[in-house]
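In: just to be clear, the model below is a prediction. Sequence and coordinates:
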Amino acid sequence: MREFFDPGLFFLATMGLTASLLTAWTVRGPHELREGGPSDTIQFFGIMMLSGLAAYGLTGHLAGTMFATCLAALFSLGLKSRLPRLTMAGAIEMASSPLTLLISAPWSFFLLRDLGFPRWALILCLIAIAVSVVALGFSFAEKLARQALLTHGTWRRPTRPLEKSAGARRPKISIHLPCYSEPPEVVMATIDHLARLDYPDFEVLVCDNNTEDEALWRPLAEHCARLNRSAGTEKFRFFHVSPLAGAKAGALNFLLPRMAQDAELVAVIDADYYAKPDFLSRLAGFFDDPGIGYLQTPHDYRAFEDNAYLRMCYWEYMPTNKVDMAGISEYDSAFTIGTMCLIRTRALNEAGGWAEWCLTEDSEVSIRLRALGYEGIYLRDTFGRGLIPETFDDYKKQRFRWTAGPVQQLRRYWRLFLPSPFGAQSSMRGWSKLLEAQRSMAPLQQLFGTAAAVIAGGAVAILTLAGVLPRIVLPDVAWISAGIAAIAALVSKWQRYRLSGCTRWTDMLGGEIARMSLTYVMMVASLAGLSRRPLAWRRTPKFKVESSGLGALYATLPETCIGLAHLALLYYPIRMGAELGWHFAALASIGIVLSALRFMSAPAMAWLCERRLATGAFALQPLGEGFKGAVQEI
């Protein structure tokens, strides 16, 4: 029976690679398809015929090839029919996920049976398949949304900012800028950029909370006063508040009752973000629709181009900000991310303001807004740029906050994410529930998936050495299919980077190293998010820092120890390859090396950061031209 499914493995690998290549060719840019290409019919039959011929040529099994071809055609056409916004290549690529499970599950079962695995092991295999079927729905939905820019041809949600119109309505906007112990020149430059906004009716409220050093906050107060005197208005207001609980959320809540009563919208700007002049003028018009509760634009950054470490961080950020979040917005799941966003004042007050208990008070408020029936929009156009954390330790702390916060949200709001008959009453839509739950569970899935793989691999090795299980021998078709599937995955990853604006393969590689370097801190953060104890909100410092030498590497000691332990573990599959079986030994070695690379990326990033700091390079840009505003100390 296993031979019957052999062609399916190779068929799916070939189909995935050809679909990825066709997608990369078809999608020229974000929300932009190539014109004049082959029709959907030609694309469909071309991929099916090429994959079928390749599968039959490798295996010589006609019945298995016909089965795989018919199954793939049925799923692809079904997806295209049910989701007409998909391109044909996109529908085929999306179909590969359920097809892989349908083919690989029986193939794996029959392989283990043919190898002589005991009945209890086969039962465990069936249980693992059942769990995979349940998880498939979540993973398919996430892939459909996050890869929408790669697979969709048409769009329902807005994809571009509005053009300026002289007759457009201009609601009053209150811009809130919280800060704590920031370099005054950074915040003053941020305020100066806000003063240049080409929008007729806005105010800027700056809240410095709990900064003890008067030399840090007093210049901000004086700068706001100068801006007001120069413009002859009271547009800029400064508040120094101490003590004030709640970190950033506390400062934002402090400003809500003090903002202009006629301000229809609230904009939030981080202390280091330089806004473009058209930030408000090209976005405010979306709120003419009373159903829109919030609008978010990407995190983006400046002063990174000339340094390898900062470029690696930058390109780790960008695929999520420029590709993934634009995709989930298409499926009613856009969320706010803390800066460069606009929120309807009435909606924010209805939701109860900002959550001071959550590390991600920004994305948390969007859950409550959607539960009230409001919709959100995410636009991938950049309207402001901030600073990347100066040290790798601060980079990790930022990611800890971004990872633990959604887990906190899951722990509090899981009833909102259940289907309507079973969950808490809300106006949140189905896609929004599913994707919000998936986003919150993702770090936990990674943690438990890694733990399960380690436990399963170790158990198989021990039982094989003990003679309880037979040695695993994989047919050639499995190795070849895995290699082709890996190439297809690389093509899709390249496409994600390309759509985020990355054009150099060295930057893509650097982004992947930066992503892997965060593995450990994300695992720790996912567990911390489950705790009922309050988690400390740690801001990202923006002061110039000095090289700490070996101290930075010491901060990555857990990752280094885990990575070295992986490398030491390589001794066993290499030394005991004959007893384990060389196929299993090869699989174990590949898995150990790939896992070790994830953890060893952390000390590599720390070293690159220290090398940069040792040269005296720093991301702060000179203070822009000053505009000259009211101070209130509380």
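Out: Noted; the coordinates are in hand. From a predicted model like this one, the values you see are computed outputs, not experimental measurements.

In: buried ones in the longest helix anywhere in the chain?
Out: The residue-count maximum for a helix in the chain (DSSP state H) belongs to helix 430-465. By 16 or more other CB atoms under 10 Å, the buried positions in helix 430-465 come out as 431-444, 447, 457, 460-461, 464. C-beta here means a position set from N, CA and C on the backbone, and glycine is covered the same way.

In: so what's Arg344 up against?
Out: By CB atoms under 8 Å, 6 or more residues apart in numbering, Arg344 lies in contact with Glu264, Leu265, Val266, Phe287, Ile292, Gly293, Tyr294, Tyr374.

In: ditto for Gly36
Out: The contact partners of Gly36, by CB under 8 Å, 6+ apart, come to none.

In: now it: phi and psi?
Out: Dihedral pair for Gly36: phi 80, psi 20, per degrees, to the nearest 10.

In: from Gly46, how far out is Thr154?
Out: To Gly46, Thr154 is 22 Å away according to CB to CB, to the nearest Å.

In: so for those two, which residue has more residues nearby?
Out: Gly46 (14 against 10; other CB atoms under 10 Å).

In: so what's Gly405 up against?
Out: By CB under 8 Å, 6+ apart, the contact list for Gly405 reads Cys358, Leu359, Thr360, Glu361, Ser363, Glu364, Gly529.

In: dump the residues you listed into JSON lines; add distance to Leu194 as well.
Out: Below are those laid out as JSON lines (distance: CB to CB, whole Å):
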{"residue": "Cys358", "distance to Leu194": "26"}
{"residue": "Leu359", "distance to Leu194": "26"}
{"residue": "Thr360", "distance to Leu194": "24"}
{"residue": "Glu361", "distance to Leu194": "21"}
{"residue": "Ser363", "distance to Leu194": "23"}
{"residue": "Glu364", "distance to Leu194": "25"}
{"residue": "Gly529", "distance to Leu194": "33"}
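
In: nearest to Glu163 among the residues you listed?
Out: For the contacts of Gly405, the minimum distance to Glu163 (CB to CB) is 29.1 Å, reached by Ser363.

In: can you tell me the SS state at that closest one?
Out: Following DSSP: H, G, I helix; E, B strand; the rest coil, Ser363 is assigned to helix.

In: wait, doesn't it sit right on Ala334?
Out: No: taking contacts as CB atoms under 8 Å, Ser363 lies outside contact range of Ala334: 10.1 Å.

In: confirm that Arg385 sits in a helix.
Out: No: counting by three-state DSSP, Arg385 is not found in a helix; it is strand.

In: neighbours around the residue nearest to it when sequence neighbours are not counted, how many?
Out: Once flanking residues are discounted, Arg385 sits nearest to Arg302: 4.0 Å by CB to CB, 6 or more residues apart in numbering. Residues within reach of Arg302, counting by other CB under 10 Å, total 18.

In: kindly provide the distance from Arg302 to Phe392.
Out: From Arg302 to Phe392 the distance is 19 Å (CB to CB).

In: hmm, back to that, helix or strand right after the longest helix of the chain?
Out: Under the assignment DSSP states H and E, the closest C-terminal helix or strand after helix 430-465 is helix 476-499.

In: in that following helix, what counts as buried?
Out: Along helix 476-499, these residues count as buried under the neighbour rule (16+ other CB under 10 Å): 477-478, 481, 484-485, 488, 491-492, 495-499.
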